[in-house]
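[1] Provide a 3D model corresponding to the input given below.
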Amino acid sequence: MKSEKILTRRELLQRGSWLTLGAAFAGLPIHLLAEDLAALDVSYAGSMGFMMEGPIKVSAAKSLKLDFHGRAQGSNALAQLIVGGSIRSDVFIPVTSGPALTVLKAGKTDSAQPVAKTEMVIAYSPKSRLASRFEAAAKGKEDLWKILLDPGLRFGRTDPVTDPQGRNIIFTVMLAAKATGHADLVEKLLGPTINEKQIFTEPTLMARLQSGELDASSAYKIQPGPLNLPYVTLPKEINLSGQNVHADHPDVTLAVGGKTYTPEPLIYFAAVLKDAPNAKGAAAFMEWLKGNEAQGIFRKYNYDAPGDAVALHA
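    Below you'll find the predicted structure:
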């Protein structure tokens, strides 16, 4: 299992490509930072890397005069680093409410505002021997779950202890098992909760699909498109896009890392941290995230509006 704290060469290359590709997709210039811009440190869910290090970074420099410094990692891991004082950021943007509540309960912020949402999909490699079958599944012509149970399938996901996506793919397969009546679907597809053969750091999953190292992986809808990777959408009842996913499935729980979790809607929350080195810039960035310019970028990069999600308070 890969460490969440040590960047591999693959991750560094992946992160380096986010800025160039993101700016190109946004139609924005690569040149963005001047020496007189105020630094803004933002810790965010690893799934947001492409957009945050590209168009958000560029636009924050142009519109807010802020030199955006991003830190991408699993949301739970970031929350613990913030609470423990190991990192000192201006803004924290996790996915799902759990990591945001961890920071709220520790008194590190007063509120967390919903800024976007997404849903679970299954991304796949165009180089996979199963690519044509996944394409058929995307068109509703083949059973996705039969493909995912193909012998020899190389499937990737993230660590459920440190990253919400690692838990969310397990919840998705749990819900699929309920919906399809295949009680052993989780065991057959994912194996043990901590399956070292499947677990990789989030920034590398899409790169592994691009190279053909993996056949398929868990993903949020926001992730495959910018890298021209195909994916299969999932029914609403299992893709964690619904605001009432926990209330609709009170029997679905997951015990991992000494904690018990329940399914949560895939909402991205943003919080200004109390000890922010650049408090003024953090407040301006927060307001900007909720405004038309930033929300337009979110829509362009396949993020959905947060809908009726409400703010979290201490």
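[2] Please make it C-alpha for all contacts and neighbour counts, starting now.
    OK.
[3] ok, the residue nearest the centre of the chain - contacts?
    Geometric centre of the chain, nearest residue: Ser47, 3.1 Å, by CA atoms, centre = their mean. Ser47 makes contacts with Ala72, Glu202, Pro203, Tyr220, Ile222, Gln223, as judged by CA atoms under 8 Å, 6 or more residues apart in numbering.
[4] Mind listing the residues bridging to the first one?
    Read that as Ala72. Applying DSSP bridges to Ala72 gives these bridge partners: Tyr44.
[5] re the thing from before, do you know the pLDDT at the residue nearest to the centre of the chain?
    Each residue has a pLDDT score; the one for Ser47 is 94.
[6] So Arg154 is in contact with Leu209, correct?
    No - Arg154 lies out of contact with Leu209 (CA atoms under 8 Å); the separation is 9.9 Å.
[7] mind showing which ranges of the chain have poor pLDDT?
    1-35 (pLDDT under 70).
[8] Show me where it has its helices.
    If DSSP state H is used as the criterion, the helices of the chain fall at 9-26, 49-51, 57-64, 75-83, 97-105, 131-138, 144-148, 164-180, 185-190, 202-211, 245-248, 279-290, 292-300.
[9] residues in contact with the last one?
    Contacts with helix 292-300, where a contact means CA under 8 Å, 6+ apart, come from Ala26, Pro55, Ile56, Val115, Ala116, Trp288, Leu289, Asp304, Ala305.
[10] what residues are up against the third one?
    Looking back up the chat, that one is Ile56. Applying CA under 8 Å, 6+ apart, one finds that Ile56 lies in contact with Ala294, Ile297.
[11] which of the contacts of Ser47 lies closest to Pro99?
    Of all those, the one with the least separation from Pro99 (CA to CA) is Ala72, at 14.0 Å.
[12] how near is that closest one to Ala294?
    In this structure, Ala72 lies at 19 Å from Ala294, with CA to CA, to the nearest Å as the measure.
[13] What of Arg88?
    With CA to CA as the criterion, Arg88 and Ala294 are 24 Å apart.
[14] What of Asn195?
    Between Asn195 and Ala294 the distance is 37 Å, computed by CA to CA.
[15] Between the two, which has more neighbouring residues?
    Summary of the neighbour comparison: Asn195 and Ala294, criterion other CA atoms under 10 Å, with Ala294 having more neighbours (19 against 16).
[16] Is it possible to get CSV of the helices of the chain that adds distance to Ala309?
    Listed next are those as CSV, based on distance: least, CA to CA, whole Å:
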stretch, distance to Ala309
helix 9-26, 27
helix 49-51, 22
helix 57-64, 25
helix 75-83, 19
helix 97-105, 10
helix 131-138, 29
helix 144-148, 30
helix 164-180, 18
helix 185-190, 29
helix 202-211, 25
helix 245-248, 13
helix 279-290, 13
helix 292-300, 15
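[17] Out of those helices, flag the one nearest Val310.
    helix 97-105 (10.4 Å).
[18] Looking at the contacts of Ser47, which is nearest Ala247?
    Of the contacts of Ser47, the one sitting nearest to Ala247 (CA to CA) turns out to be Tyr220, at 21.7 Å.
[19] show me the contacts for the nearest residue to that closest one once chain neighbours are set aside.
    Across the structure, with CA to CA, 6 or more residues apart in numbering as the measure, the residue nearest Tyr220 apart from its sequence neighbours is Met120 (4.7 Å). Under the criterion of CA under 8 Å, 6+ apart, the contact list for Met120 reads Asn168, Ile169, Thr172, Ser218, Ala219, Tyr220, Lys221, Thr233, Leu234, Asn239, Leu240, Ser241.
[20] Apply 7 Å and report the result again.
    With contacts defined as CA atoms under 7 Å, 6 or more residues apart in numbering, the neighbours of Met120 are Ala219, Tyr220, Lys221, Asn239, Leu240.
[21] nearest residue to the last one other than its sequence neighbours?
    So that's Leu240. Take Leu240 and drop its neighbours on the chain: the residue closest to it by CA to CA, 6+ apart is Pro265, 5.2 Å away.
[22] Touching, that neighbour and Val95? I think so.
    No - the pair formed by Pro265 and Val95 falls short of the contact definition of CA atoms under 7 Å, at 9.0 Å.
[23] Look up how far Val95 lies from Ala304.
    If you look again at residue 304, you'll see it is Asp, not Ala. The gap separating Asp304 from Val95 is 13 Å, by CA to CA.
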